[in-house]
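Undergrad: Provided below are the primary sequence and the corresponding predicted coordinates.
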Amino acid sequence: MTMIEPPLRPPPSPFGDDNPLAAPLGVGDVLDGAFRLYRAHFGPMLFSAAIVMVPLGIMAAQMLGPTQAAQLGVFQTMLRQREAFDASALDAAAPFPILAMCLLVPLQVLGTLLTRLVLTQQAVDAFKGRARSVGERFRIASARLPSYAAMGCLVWLLIGIVVIGLGLAGAVAMGAVGVFAAAGAGSGATVLAAVLVGAAVLAMFVGIGGAALYLSGRWVAALPTLVLVTPDPIAALGTSWQLTARRPWRAMGFTVLLLLLNYALTAILTTPLYFASVLMPPSTATALGMGIQALGAVVAILIQPLSTAAVVVFHYDLRLRAERAP
């Protein structure tokens, strides 16, 4: 008599959860999925971002609003009274609040990290149809915050090393070109040297920007990995590096597209107020200055859930492609 063996259970996912995607997505499909996810959970995701960003926005408006107002007042006077403008007004403008920035910047960095962690967990829960309270998400995010901060410092350190290295290489190249120009002074070599210096400067900036974007693309899946898999920042960066190994330029292109989308949305939301600052009378400079600072928090509240959702969808797409690779 032949016994029927039960079917083998699928091996557990190394990522700690099942992949909700059924098929790989294109970059456009990833963004479309992020928009759908954001639209379906607009209120809860907006609330999660606002919990942290609204207090920071109020602090920024109070601390930096007067300086912003003074700068707007000088700018308005410069535009409307060009001939009678007194350059000493620049010195009379409100000084930059160094002490306020020393307090505000660390709080903004920690607030941004915490918000991204919460939104990442919320996007994963929404993507998989899982219910979780806001307090529980913040508790999980707070536990991961030291690891995320360490990962951010490590990423900036590594990118900084690459950028400085490329900058030094570019400086050496330009120095060599300068020596060549000095040796050929008074001849066509000077013109050639000037052209080479310009090309070297352009190549240096393109190389630095390209290297930074490439590394950002290779580590684009690190945050979802930190939330879903491991609190080890080095392991999260290594997992992201492995997931993007087969398609590094696709990951870089996604990062560039996400940056452009963020800049476009930011410009759409902030440009009207900047135009208003030029047209409104100088007496409104204080209100406009505080409004511009507060608007920065509003823009972050609106955009961060969308960009976070896009990264989560892209993370699952990278995982699916890696799991199906031969």
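TA: Good, I have the coordinates.
Undergrad: what does stretch 213-228 contact?
TA: By C-beta atoms under 8 Å, 6 or more residues apart in numbering, the surrounding residues in contact with stretch 213-228 are 15-17, 116-117, 120-121, 124, 140, 144, 147-148, 151, 155, 158-159, 162, 233, 235-237, 239-241, 243-244, 248-249, 251-256, 311-312, 314-315, 318. No exception for glycine: its C-beta is placed from N, CA and C like everyone else's.
Undergrad: ChimeraX command for the buried members of those?
TA: Of the contacts of stretch 213-228, the buried ones can be selected in ChimeraX as follows, counting by 16 or more other C-beta atoms under 10 Å:
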select :15,116,117,120,121,124,140,144,147,148,151,155,159,162,233,235,236,237,239,240,241,243,244,251,252,254,255,311,312,314,315,318
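Undergrad: looking at the contacts of stretch 213-228, which are in helices?
TA: The helices, defined by DSSP state H, take in 116-117, 120-121, 124, 140, 144, 147-148, 151, 155, 158-159, 162, 233, 235-237, 239-241, 243, 248-249, 251-256, 311-312, 314-315, 318 from those.
Undergrad: from residue 134, how far out is residue 258?
TA: According to C-beta to C-beta, to the nearest Å, residue 258 and residue 134 sit 25 Å apart.
Undergrad: who's more crowded, those two?
TA: Remark: of residue 258 and residue 134, residue 258 carries more neighbours, 22 against 13, as counted by other C-beta atoms under 10 Å.
Undergrad: can you tell me the helix or strand for the more buried one?
TA: Counting by DSSP states H and E, the element that carries residue 258 is helix 248-279.
Undergrad: so for that helix, mean pLDDT?
TA: For helix 248-279, mean pLDDT is 82.
Undergrad: tell me which other helices or strands that helix touches.
TA: helix 27-40, helix 42-80, helix 188-218, helix 285-324 (3 or more C-beta pairs under 8 Å, 6 or more residues apart in numbering; DSSP states H and E).
Undergrad: what's the angle from it to helix 233-243?
TA: Angle, helix 248-279 to helix 233-243, by axes from the mean of the first three to the mean of the last three C-alpha atoms, to 10 degrees: 110 degrees.
Undergrad: now helix 248-279 against helix 27-40, angle please.
TA: Counting by the same axes, to 10 degrees, helix 248-279 lies at 50 degrees to helix 27-40.
Undergrad: which of the residues in helix 248-279 are buried?
TA: Buried residues in helix 248-279 (16+ other C-beta under 10 Å): 250, 251, 252, 254, 255, 258, 261, 262, 266, 277.
Undergrad: shaky segments in the stretch 201-326 of the chain?
TA: 276-278, 280-286, 289, 325-326 (pLDDT under 70).
Undergrad: ok, now the stretch 1-150 of the chain?
TA: In the stretch 1-150 of the chain (pLDDT under 70), the answer is 1-17, 65-97, 99-100.
Undergrad: contacting residues around the nearest residue to residue 306 once chain neighbours are set aside?
TA: What sits nearest to residue 306 in space, not counting adjacent residues and going by C-beta to C-beta, 6 or more residues apart in numbering, is residue 38, at 4.9 Å. With contact taken as C-beta under 8 Å, 6+ apart, residue 38 is in contact with 45, 305, 306, 309.
Undergrad: just to revisit the earlier point, format the buried residues of helix 248-279 as a markdown table; extra columns: distance to residue 211.
TA: Listed next are the buried residues of helix 248-279 as a markdown table, based on distance: C-beta to C-beta, whole Å:
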| residue | distance to residue 211 |
| --- | --- |
| 250 | 17 |
| 251 | 14 |
| 252 | 10 |
| 254 | 17 |
| 255 | 13 |
| 258 | 18 |
| 261 | 22 |
| 262 | 20 |
| 266 | 24 |
| 277 | 36 |
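Undergrad: the residues you listed: which two are farthest apart?
TA: 250 and 277 (40.3 Å; C-beta to C-beta).
Undergrad: against residue 242, how distant is residue 50?
TA: 35 Å.
Undergrad: so which of the two has more stuff around it?
TA: Between residue 50 and residue 242, counting by other C-beta under 10 Å, residue 50 is the more crowded of the two (17 against 14).
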